[in-house]
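**Q** okay, sequence plus prediction incoming.
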Amino acid sequence: MDLMKPEMKKTREGFGHGLVQNGHDNPNVVVLVGDLTDSTMTSFFAKEFPDRFIQVGIAEQNMITVAAGMALMGKIPFLSTYGAFAACRSLDQIRVTLCYGNINVKIGGAHGGISVGPDGATHQAMEEFAIMRAMPNMHLIVPTDYHEAKKATIEATKIQGPVYIRFGRENVPVVSEESTPFEFGKGAIYREGGDLTIIACGVMVYEALVAHEELKKQGIEARVINMHTLKPLDEAIILKAAAETKAIVTAEEHQINGGLGGAVAQTTARGNPVPIEMVAVADRFGQSGKPDELMAAFGLKSSDIIRAAKAVLQRKTQPQAA
Amino acid sequence: MNQVETAKRMTQNKPHPITGIEQRGIYLDSVEELAEMAKIVRRDIMTLLAESGSGHSGGPLSIADFGTALYFHELNVDPKEEYWADRDFVAWSIGHCTPVHYSLLAEKGYFPKRDLLKFRKFDGHLQGHPHRLDTPGVEVTTGSLGQGISVACGVAKAAKMDGHPRRVWSFNGDGEQQEGSIWEAAMFAAHYKLDNFVSLIDYNLKQIDGDVADVMNIAPLPDKYRAFNWNVIECDGHKWNEIMDAYAEVGKLYRSGRPTAVIFHTVMGKGISFMEGKAEWHGKPPKGDEVGIALGDLGTTEAEWRKYLESN
């Protein structure tokens, strides 16, 4: 791919196309939506399989539990609404019915992240990673691009139990190929490097790749890992990176509390403590604006990753006196 | 108890009169047998609560009669094959009424009655609130109010999509009607014409903080459900002829194009002299001398009923 002129596509479109594929592959797949058929791109499935498409209306709590009932009858329900509602408004239903009950329902959380843009803070879900990581039995996938979103949607049918997949609103760079393998629960090394490791998810993988190129020009070799699965977390790839590069930068379009950075730090703190810098939203709500200007204002660009890389390298080479 | 034990009979795998599905499990045909079973269930409830030292008395006792009628006269399930594909489905949306829920499951034959003495205990399989992965016969994990009804709606919707004739039931409380999610489910059930779905509402007028009418009034409840395009049946939830008529009416509405709410007017703590109609008995068990009085009200003693549970 050309990092400067990448192909741009929406992750939620990958979700929509993945659902259609699932519909063809498995007659038990059903799709539920809460009055957001077009914007969640479940419309593709609705058109192809109208008899297996259930409109629930603006009732997200009911949508989770109705889906649970259908799963108990052998269906494989995928439901979708904006992440802000899917993860937060319906959280009690997710906790008790889905997770404690360990029920086979798949949640497509659309419109995650600050890049949702003009709709503002209410609609910019940036807490889902922390919430879903805290739920026993939950699985959490954060696809980086269109292809990965489609593959994750297809893969979700093979996972037994609740799954949350996070999608964005905007066109984002396509950083993988249709043929790139997607292995659930395993991080993917996108660039090799021995000086530090950048562990990123979602759209931040692209920013990490841009940062990798810039750092290379400055003589710094940064490994880049696409950590598309946040739960269960690939601890082995993290500990290997810690052992080999001895410095880590994490990057995510999410609150700094409880997200990818926290998950990585939890792993290294117990297994191999190394300096970590975290690129994430600094414990504050978003606001209206254009996606690009918000990503910059909230510190989620490749330049922020580069700054974090330099800071972590300084800590690696000049550890503070105890 | 012996006459009831012998009066229980396995059905002869005849087609169910309403759904046409093969009929399985233990059924009790007469009101006398059902009333006797309800008394057994109340004895179970008091004994298991006394043993656990925590749990809810009031609601389980108000549900005991119409709950017994459901499990032993209406519900088509097979305790020997918990996940029988053609079974009826029941959600206990009113999760905290586990004492009556578990008693009915044990008496129906899902697990030994002695297990009831491990209610809420670390080494038992009976959680304080029902958990589908722990207890045979528990279909839905509940305990946070207002969720089980929606799960049941999902089951009913799936049955409609598959053209399956099963009936789907949900136990709901009157206080539970205060949860907004109840009304999301009510809209959904009517919108999708889930006439295979029945909500059994225990209208015992009490909740933890006092009278439902004072805490947050839900009246007029029948009108609310009618306005949501449901069928509504009301009856005295402790009069057996009214209970049986109500279930018969439910059967007639099976293909009515609307979900049905049965509002059972009941008394919290029914059957126990010092508990009847008192909100304070919502969430606590009998203790000390109260245990003997309670079981005396039910025509037995604690020792006798423990022996019954332990030997079954």
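**A** Yep, it's here. Quantities reported herein were computed from a predicted structural model and do not represent experimental measurements.
**Q** just how off-centre is stretch B:156-166 within its chain?
**A** 22 Å (CA atoms, centre = their mean, to the nearest Å).
**Q** same question for stretch A:262-272.
**A** For stretch A:262-272 - counting by CA atoms, centre = their mean - the centre lies 19 Å from the chain centre.
**Q** ok, and for it, which residues are buried?
**A** Under the neighbour-count criterion of 16 or more other CB atoms under 10 Å in any protein chain shown, stretch A:262-272 has A:262-265, A:267-268 buried. Every C-beta, even on glycine, is put in place using the N, C-alpha and C of the backbone.
**Q** how about stretch B:268-275?
**A** Across stretch B:268-275, burial judged by 16+ other CB under 10 Å covers B:268-272, B:275.
**Q** now the residues you listed as a markdown table including pLDDT and secondary structure?
**A** Listed next are the buried residues of stretch B:268-275 as a markdown table, based on pLDDT from 0 to 100; DSSP: H, G, I helix; E, B strand; the rest coil:
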| residue | pLDDT | secondary structure |
| --- | --- | --- |
| B:268 | 96 | coil |
| B:269 | 97 | coil |
| B:270 | 98 | coil |
| B:271 | 98 | coil |
| B:272 | 98 | coil |
| B:275 | 97 | coil |
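**Q** in TSV: the residues you listed, plus distance to chain A.
**A** Listed next are the buried residues of stretch B:268-275 as TSV, based on distance: CB to the nearest CB, whole Å:
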residue	distance to chain A
B:268	25
B:269	27
B:270	29
B:271	31
B:272	30
B:275	28
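**Q** among the buried residues of stretch A:262-272, which lie within strands?
**A** Among those, DSSP state E puts none in strands.
**Q** distance to chain B and pLDDT for those - can I get that in a markdown table?
**A** As requested, the buried residues of stretch A:262-272 are arranged in a markdown table below (distance: CB to the nearest CB, whole Å; pLDDT from 0 to 100):
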| residue | distance to chain B | pLDDT |
| --- | --- | --- |
| A:262 | 27 | 98 |
| A:263 | 26 | 98 |
| A:264 | 31 | 98 |
| A:265 | 32 | 98 |
| A:267 | 28 | 98 |
| A:268 | 33 | 98 |
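**Q** not counting its neighbours along the chain, what's nearest residue B:75?
**A** Of all residues not flanking residue B:75 in the chain, residue B:88 sits nearest, at 5.1 Å (CB to CB, 6 or more residues apart in numbering or on different chains).
**Q** the one you found touches residue B:77, doesn't it?
**A** Yes - at 5.8 Å, residue B:88 counts as touching residue B:77 under the criterion of CB atoms under 8 Å.
**Q** re the thing from before, from residue A:152, how far off is the residue nearest to residue B:75?
**A** Noted for residue B:88: a distance of 37 Å to residue A:152, by CB to CB, to the nearest Å.
**Q** with neighbour numbers in mind, choose between these two.
**A** Per other CB atoms under 10 Å in any protein chain shown, whichever of residue B:88 and residue A:152 has more neighbours is residue A:152, with 28 against 24.
**Q** what kind of secondary structure is the more buried one in?
**A** At residue A:152 the chain is in helix, as set by DSSP: H, G, I helix; E, B strand; the rest coil.
**Q** list the contacts of it.
**A** Contacts for residue A:152 (CB atoms under 8 Å, 6 or more residues apart in numbering or on different chains) come out as A:14, A:18, A:141, A:143, A:165, A:182, A:184, A:228.
**Q** just give me the closest of those residues to chain B.
**A** Nearest to chain B out of the contacts of residue A:152 is residue A:165 (CB to the nearest CB; 20.3 Å).
**Q** could you pull out the strands for the stretch 51-200 of chain A?
**A** If DSSP state E, counting those that start in this stretch is used as the criterion, the strands of the stretch 51-200 of chain A fall at A:53-55, A:76-82, A:106-110, A:139-141, A:163-166, A:171-173, A:188-191, A:196-200.
**Q** what is the mean pLDDT for the fifth one?
**A** Confidence for strand A:163-166, expressed as mean pLDDT, is 98.
**Q** which helices and strands does that strand pack with?
**A** Applying 3 or more CB pairs under 8 Å, 6 or more residues apart in numbering or on different chains; DSSP states H and E, we find strand A:163-166 packed against strand A:106-110, helix A:128-133, strand A:139-141, helix A:146-156.
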